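Student: need a 3D model of the sequence below.
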Amino acid sequence: MITVVGTGTGAYGTGVPADAGLVVGARRHLDAVRLPEGAERVVLGPLAPALDTVAEYVGKERPVLVLASGDPGFFGIVRALAERFGPGLLDVRPGVSSVAAAFARIGLPWDDAVVVSAHGRDLRTAVNVCRARPKAAVLTGPGAGPAELGAALAGTCGERVLVVASALGDPEGERVERLTPAEAAVRDWGTAVNVVLCLDGAHAPGPLRTVAGPPAGPSRWALEESEFAHRDSMITKFEVRALALARLGPRLGDLVWDVGAGSGSVAVECARLGAAVTAVEQTADGVERIRANAAAHAVDVSVVHGTAPEALASLADPDAVFVGGGGRALPEVVTACARRARRTVVVAVAALDRVPAVRGALAAAGLVCDGVLLQSSRLAPLPGDVTRLAATNPVFLLWGTRPPVRHEGVAE
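Tutor: As a prediction, this is how the structure comes out:
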């Protein structure tokens, strides 16, 4: 039997087996408890050697004790143990998770929080979740702590506040501090940080929930043009937007650029589907219109007032990009976007003459290019209670997709 004991507020669970022949845990855990007499100690570093040692004791039917932080079944060691030895061999005794403890310290519910781990993972997913959601908890790790998170968020996500919880449960060392992302970015946080909460203060308590975690996706998308403020019908029509969204695939953890955003209809729809979004618009009235549309749909969109491709240089690399509008600089804009997009670039083009240059720019950046000409006719009323078909302007929708990277014959 493998007994897994967690701690969340400083006190280990009860009933620690006294006959354990092997005790596994981080050094701070091993130093904090009285170990069974004669037990072998394994300080957790790389996980694989520790699991091999556990396997030796399990093979001899000798009891093993694993010490972990908080709830070891929540982004913890229970997953690795269950995969290696099967859940039937585990006796899990969880403590309070660091996420639950941190929210408790500041008096907020967390059933509506999105929890994301940056421990041993790419920080960008956590950054994008923090930008897109008003209440997030980030489990940190080396190179992905409050300073790095604050530096990535500074200036990109409005009025976010970081709550850094360190040494939770330690009566002498526990600290729970509120800072701006910019303030967190310039601190040396050491190794005692448990979790970082990222909060939009205006929505901190959150609504009454039935299902925990992030809200369900919108019940509809490709919204009518009338649901957005726009100038002289200068807006991506919903038929085009529907296919563009299908090719962009915006989701929680992604970053999407909407370049030449106009009214921001694509940006807002991507944000409604869970992505972090940056809209780039060159006109001052367009910038205000995008912000108004984002507010009207209760989503966060970071708006950059500038002209592409120059305005793109300081932005974080996107997963997907939508390029609207045209102009002589369109090939250069598409090239800049295609070189940096991790997954796909979608371009809406009204003029036939622009199509070859856009396809060439996508292909030159190593993307696999495809596209369609969208022509639709909408039902329109006529006098006498009859209906006609009103044609919309045709639009070329082109997209380029980055092919999967292959390592030793295996596609990722």
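
Student: quick check: beta-bridge partners of L373?
Tutor: F396 (DSSP bridges).

Student: which residues does it contact?
Tutor: P394, V395, F396, L397 (CB atoms under 8 Å, 6 or more residues apart in numbering). All C-beta atoms are positioned from the backbone trio N, CA, C, and that covers glycine.

Student: how about the first one, what does it touch?
Tutor: So that's P394. A350, L373, L374, Q375.

Student: hang on, the third one packs against R241?
Tutor: No - assessed by CB atoms under 8 Å, L374 is found out of contact with R241, at 10.3 Å.

Student: higher neighbour count, these two?
Tutor: The neighbour comparison of L374 against R241 (other CB atoms under 10 Å) goes to R241, with 23 against 18.

Student: ok, and what's touching stretch 140-149?
Tutor: For stretch 140-149, contacts defined as CB under 8 Å, 6+ apart pick out 117-121, 123, 126-127, 130, 138, 162, 164, 179, 181, 184-189, 193-196, 198.

Student: which SSE is the closest residue to G141 other than its chain neighbours in?
Tutor: Among residues not flanking G141 along the chain, H119 sits closest, at 3.4 Å (CB to CB, 6 or more residues apart in numbering). Assessed by DSSP states H and E, H119 sits outside every helix and strand.

Student: what's the burial count for H119?
Tutor: Neighbours of H119 using other CB under 10 Å come to 14.

Student: re earlier: so which of the contacts of stretch 140-149 are in strands?
Tutor: S117, V138, L162, V164, L179, V193, N194, V195, V196, C198 (DSSP state E).

Student: can you pull the pLDDT of the second one?
Tutor: Put plainly, it is V138. In this model, V138 is scored at 96, pLDDT.

Student: the residue nearest the centre of the chain and A308, how far apart?
Tutor: The centre of the chain sits closest to G253, judged by CA atoms, centre = their mean, with a distance of 2.2 Å. Remark: distance between G253 and A308 (CB to CB, to the nearest Å) = 24 Å.

Student: how about the strands of the stretch 151-300 of the chain, start to end?
Tutor: Applying DSSP state E, counting those that start in this stretch to the stretch 151-300 of the chain gives strands spanning 160-166, 175-179, 193-200, 255-259, 276-281.

Student: what helices and strands are in contact with the longest one?
Tutor: In this case it means strand 193-200. Judged by 3 or more CB pairs under 8 Å, 6 or more residues apart in numbering; DSSP states H and E, the packing partners of strand 193-200 are helix 98-105, strand 135-139, helix 146-153, strand 160-166.

Student: and R41, what is it in contact with?
Tutor: V23, L30, L35.

Student: what sits against the second one?
Tutor: If I follow you right, that is L30. By CB under 8 Å, 6+ apart, the neighbours of L30 are V23, R41, V43, L67.

Student: show me the shaky parts of the stretch 151-300 of the chain.
Tutor: Scanning the stretch 151-300 of the chain for pLDDT under 70 picks out nothing.

Student: which parts of stretch 97-117 are buried?
Tutor: Buried residues in stretch 97-117, counted by 16 or more other CB atoms under 10 Å: 97-105, 108, 110, 112-117.

Student: and that stretch, average pLDDT?
Tutor: Rounded mean pLDDT across stretch 97-117 is 93.

Student: pull it out as CSV, backbone CA atoms only.
Tutor: Output of stretch 97-117 as CSV, limited to C-alpha atoms (Å, rounded to 0.1, in the frame of the first residue of the first chain):
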residue,chain,number,x,y,z
SER,A,97,-5.0,22.8,-1.4
SER,A,98,-3.0,25.9,-1.8
VAL,A,99,-5.7,27.3,-4.1
ALA,A,100,-8.4,26.8,-1.5
ALA,A,101,-6.2,28.2,1.3
ALA,A,102,-5.3,31.3,-0.7
PHE,A,103,-8.9,32.2,-1.6
ALA,A,104,-9.8,31.6,2.0
ARG,A,105,-7.2,34.0,3.2
ILE,A,106,-8.7,36.8,1.2
GLY,A,107,-12.3,35.9,1.9
LEU,A,108,-13.4,35.0,-1.7
PRO,A,109,-15.3,32.0,-3.1
TRP,A,110,-13.4,30.2,-5.8
ASP,A,111,-16.0,27.9,-7.5
ASP,A,112,-15.8,30.3,-10.5
ALA,A,113,-12.0,30.5,-10.6
VAL,A,114,-9.9,29.0,-13.4
VAL,A,115,-7.0,27.1,-12.0
VAL,A,116,-3.9,26.7,-14.3
SER,A,117,-0.5,25.1,-13.5
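
Student: what residues does the host helix or strand of G400 touch?
Tutor: Here G400, judged by DSSP H and E, is contained in strand 395-401. Strand 395-401 is contacted by residues 237, 240, 243-244, 247, 338, 343-350, 352, 354-355, 358-359, 362-363, 365, 367-374 when judged by CB under 8 Å, 6+ apart.

Student: and if we set it to 7 Å?
Tutor: Residues from elsewhere that reach strand 395-401, judged by CB atoms under 7 Å, 6 or more residues apart in numbering: 240, 243-244, 247, 338, 344-350, 355, 358-359, 362, 367-374.

Student: among these, which ones are buried?
Tutor: Applying 16+ other CB under 10 Å to the contacts of strand 395-401 flags 240, 243-244, 247, 338, 344-349, 358-359, 362, 367, 369, 371, 374 as buried.

Student: give me the subset of the residues you listed lying in strands.
Tutor: Residues of those located in strands (DSSP E): T344, V345, V346, V347, A348, V349, C369, G371, L374.

Student: can you show me the helices along the protein?
Tutor: 27-32, 47-59, 78-85, 98-105, 123-132, 146-153, 181-185, 238-248, 265-272, 284-296, 330-340, 355-364 (DSSP state H).

Student: point out the most buried one among the ones you listed.
Tutor: Stretch with highest mean neighbour count among the helices of the chain: helix 265-272 (a mean of 28; mean count of other CB atoms under 10 Å).

Student: now the angle from it to strand 344-349?
Tutor: Counting by axes from the mean of the first three to the mean of the last three CA atoms, to 10 degrees, helix 265-272 points 150 degrees away from the direction of strand 344-349.

Student: can you spell out which helices and strands pack onto helix 265-272?
Tutor: Here helix 265-272 touches helix 238-248, strand 255-259, strand 276-281, helix 284-296, going by 3 or more CB pairs under 7 Å, 6 or more residues apart in numbering; DSSP states H and E.

Student: now render these as a markdown table, adding distance to P215.
Tutor: Formatted as a markdown table, those follow (distance: least, CB to CB, whole Å):
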| stretch | distance to P215 |
| --- | --- |
| helix 238-248 | 18 |
| strand 255-259 | 18 |
| strand 276-281 | 15 |
| helix 284-296 | 16 |
